[in-house]
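Q: no sequence on this one, just coordinates:
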């Protein structure tokens with residue numbers, strides 16, 4: 001008899017922290033797979049540079065069927081998803097190696113890669129073009145603010161250049177008001193001809209190759225990756241004011257040319273984007289790059305580096321570039337914003353300790369505060385330094401007592417702060433689960449290759465009749481697409497398979513199981529290519545339980561299965 005295994009989807013997830021631990025050893029089989037696994041390897045080891053297929057475009061790496069070179073095709077097929085993601089990123093950065101990028105440039109300084117230094121000058125081909133953007137705006141209903149913006153950087157009546165957004169905000173003709181204001185196609189392209197920039201906010205919604213690019217890069221960065229496309233007309237046109245962003249940006253020049261000016265940051269790795277800056281704001285800033293990007297070039301900028309870009313004065317060709325963004329709100333501070341309030345609340349409401357609920361010392365305001373800082377403190381305002389210095393000379397005993405009370409106060413405060421910090425450290429696993437759930441909800445749905453689709457329920461026409469057997473082999477179809485957490489004493493699987501291409505376009509629908517299923521779920525979620533695990537090797541009380549769990553995840557589309565050799569032989 002089957003135990004109670006719930007596979008209904010949760011409408012709302014709990015934010016409660018649960019320290020229940022899930023642990024199990026893992027028994028895995030390897031069959032007809034690459035000889036080396038990517039687990040526990042450095043980024044440079046994941047896919048050694050001499051193993052990269054030569055002269056391939058990004059689309060060829062993403063879609064095997066586009067690859068005409070048989071040797072390269074076989075190399076791609078032998079790679080794991082993690083290796084292929086590293087390969088894709090390496091092709092983007094050529095001739096810079098991944099090791100050099102992460103060591104020298106990542107989050108540190110800008111990088112310009114000229115197509116003149118690259119053997120494969122067409123690696124960005126087939127991503128997007130002026131013609132494809134025109135086709136997209138003709139075929140699909142487009143809405144301001146959701147799908148695109150129309151902007152221009154021009155002088156106002158006061159002679160100061162500012163960004164002007166031409167998005168319409170009132171629409172009496174469209175009854176689909178919830179989507180925003182419908183874009184009039186003729187007006188859109190008329191504004192473009194007048195010098196305005198068109199920014200596509202979600203080009204991957206309409207482009208399979210861009211969506212697959214983002215989905216694959218998420219495997220490399222292990223955080224959300226997004227994209228905007230910028231189409232700017234010729235002759236010194238500029239759509240945006242100087243500014244800095246809260247994302248790391250990879251700007252891929254797809255068509256035409258654009259002049260970029262990049263300035264040193266006023267704050268390194270800021271957590272929010274800046275407001276628009278003016279030419280006056282830039283006067284005190286150091287210009288570090290003044291470069292023209294041509295077709296096939298790449299510019300990387302860490303978050304915080306101020307920039308502006310325009311088309312060339314004497315060039316009649318438009319500019320189109322794709323900005324790939326990553327690392328948004330994915331810093332230690334974002335993790336701390338989750339864990340510290342939770343830890344503070346836990347200590348403050350603890351039944352075993354009243355330390356944070358005890359009253360503050362009587363009279364602490366008579367010796368704590370800036371007005372009682374020591375005169376030698378360099379940050380103390382001069383008038384207070386003088387006052388405290390005079391007091392020190394006239395009443396030394398009073399000053400000593402105050403210093404003693406101040407020190408005792410700091411010791412007591414430190415004890416409590418350290419208690420909160422210790423509790424926060426104990427809650428790190430639960431906090432990382434919260435970050436993981438956020439990532440799962442934000443990321444792209446997995447852009448599976450034809451080979452991957454064929455071993456999931458998505459590509460199996462007989463999936464409804466598929467029988468999972470004890471010696472059926474299974475694994476997570478792609479690394480990172482699912483996450484096991486514990487909530488309300490339930491084992492919950494979050495996954496991104498049903499995600500929309502638009503940011504959080506679909507609500508996340510986790511699967512809920514009983515806690516005695518947790519060990520088996522952990523084995524399935526952590527078994528990724530090139531490994532497989534037999535259903536019979538899952539940790540559970542009965543074979544029926546194991547089969548039912550695998551069936552639930554297979555039906556959801558996140559588990560790949562294949563018959564073992566024993567099954568294949570018996571079928572013959």
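A: Perfect, thanks for sending it. Being a predicted model, the structure only gives us computed values, none of them experimental. Residues are numbered from 1 along each chain as shown.
Q: pLDDT value on residue 347, please?
A: pLDDT, residue 347: 98.
Q: do the same with residue 551
A: 94.
Q: how about it: what's its closest non-neighbour residue?
A: Excluding its sequence neighbours, the residue lying closest to residue 551 (C-beta to C-beta, 6 or more residues apart in numbering) is residue 468, at 5.1 Å. All C-beta atoms are positioned from the backbone trio N, CA, C, and that covers glycine.
Q: cool, and residue 247?
A: Closest to residue 247 by C-beta to C-beta, 6+ apart is residue 325, at 3.9 Å.
Q: doesn't the one you found belong to a strand?
A: Yes: applying DSSP: H, G, I helix; E, B strand; the rest coil, one finds residue 325 inside a strand.
Q: from residue 293, how far off is it?
A: Counting by C-beta to C-beta, to the nearest Å, the gap from residue 325 to residue 293 is 17 Å.
Q: and residue 411, which of the three is it?
A: Quick answer, by three-state DSSP: residue 411 is helix.
Q: actually residue 107, sorry about that
A: Under three-state DSSP, residue 107 comes out as coil.
Q: please list all residues in contact with the nearest residue to it once chain neighbours are set aside.
A: Nearest residue to residue 107, sequence neighbours excluded (C-beta to C-beta, 6+ apart): residue 302, at 4.9 Å. Contacts for residue 302 (C-beta atoms under 8 Å, 6 or more residues apart in numbering) come out as 105, 106, 107, 108, 109, 110, 248, 268, 269.
Q: distance of residue 513 relative to residue 549?
A: From residue 513 to residue 549 the distance is 7 Å (C-beta to C-beta).
Q: quick one, which of these two is more surrounded?
A: Neighbours were tallied for residue 513 and for residue 549 using other C-beta atoms under 10 Å; the higher tally belongs to residue 549 (26 against 23).
Q: next up, phi/psi of the residue nearest to residue 113 when sequence neighbours are not counted, please.
A: Counting by C-beta to C-beta, 6+ apart, residue 113 lies nearest to residue 298, which is 4.4 Å off, once chain neighbours are set aside. Here is the backbone geometry of residue 298 (degrees, to the nearest 10): phi -140, psi 140.
Q: so what's residue 298 bridging to?
A: Beta-bridge pairing for residue 298 (DSSP bridges): residue 113, residue 252.
Q: my guess is residue 313 meets residue 235, correct?
A: Yes: counting by C-beta atoms under 8 Å, residue 313 sits close enough to residue 235 to count as a contact (6.3 Å).
Q: more neighbours: the two, which one.
A: residue 235 (14 against 10).
Q: now residue 250: phi and psi?
A: Torsion angles, degrees, to the nearest 10, at residue 250: phi -110, psi 110.
Q: contact partners for the residue nearest to residue 113?
A: By C-beta under 8 Å, 6+ apart, the neighbours of residue 298 are 92, 93, 111, 112, 113, 250, 251, 252, 253.
Q: how far away is it from residue 227?
A: 14 Å.
Q: next, give phi and psi for residue 398.
A: Per degrees, to the nearest 10, the backbone of residue 398 is at phi -60, psi -40.
Q: what is the burial count for it?
A: Residue 398 has 12 nearby residues by other C-beta under 10 Å.
Q: for it, give its distance to residue 541.
A: 73 Å.
Q: same deal with residue 343?
A: Distance from residue 343 to residue 541, by C-beta to C-beta: 37 Å.
Q: looking at the two, which has the bigger crowd around it?
A: Neighbours were counted for residue 343 and for residue 541 using other C-beta under 10 Å; residue 343 has more, 23 against 9.
Q: ok, the more buried one to residue 322 distance?
A: From residue 343 to residue 322 the distance is 41 Å (C-beta to C-beta).
Q: so for stretch 487-503, first residue to last residue, what's the gap.
A: 25 Å (C-alpha to C-alpha, to the nearest Å).
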